[in-house]
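In: Structure here, sequence nowhere to be found:
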């Protein structure tokens with residue numbers, strides 16, 4: 001045995017000598033990383049994605065392979081269209097996104113189902129049962145059925161790896177995009193994977209075919225029957241494919257399941273029940289399900305979120321137990337399944353004493369805090385957007401009053417002010433992050449300029465895509481690898497879109513923020529404020545020395561607590577600053593009239 005460092009993965013993997021060749025041994029791998037490894041080995045050439053938890057690491061890991069061109073696209077629609085273009089050129093391509101991102105990409109998805117592909121095209125969508133970092137809990141299996149695109153659903157890292165490779169073959173065999181559906185627990189858990197070698201198929205030559213690729217009505221009418229025939233063939237394939245397998249155990253109970261629920265069911269029942277484990281969740285098999293149902297006394301479907309498999313079984317005329325006893329919402333667990341199915345199972349151990357509640361909060365030194373404090377102090381109505389700044393809605397700031405989806409703040413303020421006019425124009429603002437603005441805020445801003453509502457939009461420019469873990473975006477000037485790239489100048493862009501009033505403020509300067517916000521709200525024309533300060537967690541942002549409290553001056557008025565900074569607390573009637581959290585931003589100093597908050601020594 002020897003240890004060898006993989007240049008692609010940057011990890012140590014155990015190698016064994018066998019017949020003179022290096023054989024990679026098994027290793028633990030994150031689900032998203034395993035999927036990226038599968039893309040690499042399948043010969044994927046182009047990856048375009050938009051970051052979104054829990055999908056982000058797939059593209060970050062793929063970008064470590066020099067043989068794959070990888071990029072962050074401005075949004076998911078663009079990413080899917082880039083992947084389609086690469087497929088059209090005859091190369092294998094991939095795009096990744098979270099479940100709400102597939103809504104954004106639905107337009108190209110539905111139509112590229114009609115056109116089919118040239119090179120294999122794989123789409124990863126990562127659902128978020130339990131809404132750990134999402135605004136809804138939708139089930140992406142509906143997108144597969146609605147767009148009539150096959151969907152695979154791995155149940156561990158090894159399947160994520162294998163399904164990624166097989167998805168390209170399936171795509172090219174059936175002339176269709178293929179969706180791989182991940183979920184939070186599969187994407188962010190580790191299980192054993194055994195790597196192989198990269199194999200790049202020959203490029204499939206692009207050939208002009210107007211009837212196949214130009215989806216004007218006359219051509220689309222002729223392509224629809226092709227899609228329906230493809231689904232019929234895929235349904236037959238689902239009955240015999242390796243993605244769906246039967247594991248016979250006790251015949252008193254048969255369980256049909258998929259994804260992470262398969263793992264829970266195995267832990268609860270072991271060999272006591274028979275299991276039909278589905279890896280291809282659209283189209284679902286028919287004969288395989290009917291045969292399985294005939295082999296057991298009672299049939300149960302265990303699936304998170306919507307009763308997709310259950311409804312399919314009922315359409316086949318089967319009597320099945322499912323959502324009548326299992327919840328429609330939230331994540332499942334071993335304990336929940338055992339309880340709902342009336343099984344005496346060894347409970348999964350908890351940590352013992354419940355952990356104290358830790359509500360999400362903006363980081364110490366977050367550049368958005370000062371701006372939100374200002375908006376709250378001015379009693380503004382704040383229409384918000386998707387990002388870490390959504391935390392501006394929680395106490396003690398309580399500044400944000402609406403969050404819908406990416407880009408909605410800019411579009412919504414236009415409608416809000418058109419409906420209410422002067423009643424709202426002088427006290428309502430929209431806030432949106434720099435990455436979210438590029439994602440889907442620009443069209444809303446164009447609408448304000450074009451249809452002239454007296455609206456004030458604040459772009460929170462923290463120089464990064466913060467919520468998903470510091471990915472670059474078109475306003476940062478760097479690409480996915482951190483190399484120099486094209487950069488959008490927000491001020492120039494806003495002026496080019498028709499805004500005469502464009503102001504830039506430093507959110508650490510509360511006086512300046514208050515003055516500029518009041519000026520723009522008072523103006524009788526559309527305006528943009530750019531609140532610019534890099535995220536405090538960026539590596540190049542050097543913190544200042546932590547502040548300290550002069551206890552002789554502090555009277556315990558708690559003015560500093562109105563910021564909701566996690567570095568500040570009150571103990572025995574006096575403010576206390578945690579010097580392991582404080583970055584010396586100085587915003588709290590501007591609230592203390594007694595000058596009790598003092599700067600410390602500069603950190604080296």
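Out: On my side now, so go ahead. Every value quoted in this text rests on a predicted model; they were computed, and no experiment measured them.
In: contacts and neighbour counts: CA atoms only from here.
Out: Fine.
In: Run a quick neighbour tally on the nearest residue to residue 524 once chain neighbours are set aside.
Out: In this structure, residue 524 finds its nearest non-sequential neighbour in residue 454, 6.2 Å apart by C-alpha to C-alpha, 6 or more residues apart in numbering. The tally of other residues near residue 454 (other C-alpha atoms under 10 Å) stands at 25.
In: In three-state terms, label residue 454 for me.
Out: coil (DSSP: H, G, I helix; E, B strand; the rest coil).
In: Over to it: give its phi and psi.
Out: phi -80, psi 80 (degrees, to the nearest 10).
In: That one contacts residue 522, correct?
Out: No - with contacts counted by C-alpha atoms under 8 Å, residue 454 stays clear of residue 522, the gap being 9.8 Å.
In: so how far is residue 475 from residue 439?
Out: Separation of residue 439 from residue 475 (C-alpha to C-alpha, to the nearest Å) stands at 11 Å.
In: what does residue 291 give?
Out: Using C-alpha to C-alpha, we find residue 291 at a distance of 56 Å from residue 475.
In: Surely residue 167 forms part of a strand?
Out: No - if the criterion is three-state DSSP, then residue 167 is helix and not within a strand.
In: one step back: between residue 291 and residue 475, point out the one with more neighbours.
Out: For residue 291 versus residue 475, neighbours defined as other C-alpha under 10 Å are more numerous around residue 475 (22 against 10).
In: sorry, back to before: quick check: pLDDT value at the residue nearest to residue 524.
Out: On pLDDT, residue 454 comes in at 97.
In: dump the residue contacts of it.
Out: Residue 454 sits next to 414, 417, 425, 448, 524, 525, 526, 527 when contact means C-alpha atoms under 8 Å, 6 or more residues apart in numbering.
In: Might one say that the fourth one is in contact with residue 526?
Out: Yes - the pair residue 448 and residue 526 passes the contact test of C-alpha under 8 Å, sitting 7.2 Å apart.
In: okay, now residue 35: neighbour count?
Out: 31.
In: How much space separates it from residue 41?
Out: 10 Å.
In: any residues in contact with both of those two?
Out: Here residue 35 and residue 41 have no joint contacts, going by C-alpha under 8 Å, 6+ apart.
In: for the closest residue to residue 116 other than its chain neighbours, what are its contacts?
Out: Leaving out its chain neighbours, the residue that sits closest to residue 116 by C-alpha to C-alpha, 6+ apart is residue 176, at 4.5 Å. Residue 176 makes contact with 112, 113, 116, 117, 120, 121, 149, 150, 170, according to C-alpha under 8 Å, 6+ apart.
In: Mind listing what's buried along the longest helix seen in the chain?
Out: Across the chain, the helix with the greatest residue count (assigned by DSSP state H) is helix 217-240. Buried residues in helix 217-240, defined by neighbour count with 16 or more other C-alpha atoms under 10 Å: 219-220, 223, 226-227, 230-231, 234-239.
In: hmm, back to that, tell me the SS of the residue nearest to residue 116?
Out: coil.
In: same check, this time on the one 4 residues further on
Out: Counting by three-state DSSP, the backbone at residue 180 sits in strand.
In: Wait, it touches residue 149, no?
Out: No - Residue 180 is not in contact with residue 149 according to C-alpha under 8 Å; the separation is 10.4 Å.
In: quick one: low-confidence parts of the stretch 301-450 of the chain?
Out: 345-347, 349-353 (pLDDT under 70).
In: Good, wrapping up.
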